[in-house]
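Peer 1: Here is a sequence with its predicted model. Questions after.
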Amino acid sequence: MNTGTTSTTSRGLRLALRAYPAAYRAERGEEITAVHADSTTGAGRLATARETAGVAAYGLRVRTGLTASGTGGRLLATIAPLAAAMALGQQLHSLWYLQQDWDWQQPADQSPIVHYHFMLIASVIPAVLWLLVVAAGLLRKWTTARVLAALAGVAVIAAWLAEQLAMNGGWEPGMLVDGTDLVLSAGPAAVWALLVFAAPGDLLDSTIPRRPRAAALPFLLLLTGIVQGNLTAFDLPLQDIVTLSNACLLLGLLSLAFLRWGRLLPTATGLTVLPLALCTVVPYYGPKLFVWENDTLIAASSVVVQYLLAVTLVALVAAAAVRYLRPTQEAPSPLGLE
């Protein structure tokens with residue numbers, strides 16, 4: 001390795017080490033540096049950059065408490081299979097109705113059929129990716145599952161964009177974002193993708209149980225996702241949907257109390273359902289709380305901002321609960337599944 005490359009690597013490693021808390025860096029900084037040097041000896045720039053990025057990523061986990069040994073990391077590892085199951089259920093309808101929708105005869109006065117087929121193809125990509133996520137999880141390939149989940153989160157937003165383009169016959173200057181439709185279509189799945197991606201891969205690979213009864217709750221959430229994905233077919237009154245979402249929101253927040261007894265599974269279940277509850281509650285109450293009179297662009301996207309703020313607020317509440325609700329006794333198992 002030449003001097004220039006070594007200098008660049010050293011600068012990159014120093015920046016990566018700053019991601020760790022000062023105390024941790026002082027205690028284990030030399031060890032991390034030595035391991036990094038052993039791992040990158042003779043390696044190319046790409047491999048070295050990947051190792052350095054891994055050092056920085058783990059530093060962020062240590063700083064945020066999302067490691068395999070921390071309660072936050074263990075909670076995310078408990079959420080991951082539940083979120084994957086629910087996301088798959090929500091997206092399955094696009095696969096189920098693909099052939100029927102593909103053969104639908106589009107009226108001549110609507111956008112060209114090529115746009116419609118493009119929209120259908122885009123709409124099934126998230127479902128395919130979530131199928132692969134669940135399959136990888138069942139095969140205990142959670143590192144692969146986490147990467148696929150991140151792609152699924154991007155794909156669900158891209159599918160919504162493809163739908164907008166198809167409905168409008170392409171992109172038009174000044175076309176506004178329908179924030180409510182974006183939140184309802186992609187909001188929960190994007191958050192679930194983030195939750196799966198953020199879970200510690202090493203903990204998932206080693207501690208997700210294989211017992212048949214462990215599949216009961218993910219299967220129940222899969223069915224819940226299927227029902228929600230086809231909710232319009234049930235033609236439920238909006239007020240009933242909002243009432244149900246309010247109840248789920250309240251129960252989801254109350255589930256944080258189980259952290260006091262070290263029970264991660266009830267808390268994980270509540271937090272898994274929360275993105276779905278928020279995607280109904282925010283568009284319903286948001287316009288009543290915030291009135292945008294002078295800026296049409298802000299008004300169109302305000303629901304997206306409100307949803308992001310709501311998700312952030314829930315994340316902060318969950319982080320505070322993890323920090324301050326110390327369990328009175330050790331959890332029965334690493335993931336609270338006993």
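Peer 2: In hand now; what should we look at?
Peer 1: Which pLDDT value belongs to the nearest residue to residue 196 once chain neighbours are set aside?
Peer 2: Of all residues not flanking residue 196 in the chain, residue 149 sits nearest, at 3.8 Å (CB to CB, 6 or more residues apart in numbering). No exception for glycine: its C-beta is placed from N, CA and C like everyone else's. Note for residue 149: predicted pLDDT of 95.
Peer 1: How about the one 4 residues further on?
Peer 2: Among the per-residue scores, residue 153 shows a pLDDT of 93.
Peer 1: Which strands or helices does the helix or strand that it is a member of pack on?
Peer 2: Using DSSP states H and E, residue 153 sits within helix 142-168. Helices and strands touching helix 142-168, as assessed by 3 or more CB pairs under 8 Å, 6 or more residues apart in numbering; DSSP states H and E, comprise helix 71-96, helix 113-138, helix 179-198, helix 201-207.
Peer 1: export these to a markdown table and tack on mean neighbour count?
Peer 2: Below are those laid out as a markdown table (neighbours: other CB atoms under 10 Å):
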| stretch | mean neighbour count |
| --- | --- |
| helix 71-96 | 25 |
| helix 113-138 | 20 |
| helix 179-198 | 24 |
| helix 201-207 | 18 |
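Peer 1: Tell me which of those helices approaches residue 241 most closely.
Peer 2: helix 179-198 (10.6 Å; CB to CB).
Peer 1: quick one: low-confidence parts of the stretch 51-200 of the chain?
Peer 2: For the stretch 51-200 of the chain, residues meeting the criterion pLDDT under 70 lie at 97-117, 166-177.
Peer 1: circling back: tell me the angle the helix holding residue 153 makes with helix 113-138.
Peer 2: 160 degrees (axes from the mean of the first three to the mean of the last three CA atoms, to 10 degrees).
Peer 1: residues of helix 142-168 that come out buried?
Peer 2: Across helix 142-168, burial judged by 16 or more other CB atoms under 10 Å covers 142, 144-153, 155-166.
Peer 1: Ok, stretch 37-44 next?
Peer 2: Buried-residue list, stretch 37-44, by 16+ other CB under 10 Å: residue 40.
Peer 1: Okay, now it: how far is its last residue from its first?
Peer 2: 13 Å (CA to CA, to the nearest Å).
Peer 1: what mean pLDDT does it have?
Peer 2: 76.
Peer 1: again with stretch 220-233
Peer 2: So the average pLDDT for stretch 220-233 ends up being 78.
Peer 1: Over to stretch 284-302?
Peer 2: Mean predicted lDDT for stretch 284-302 stands at 57.
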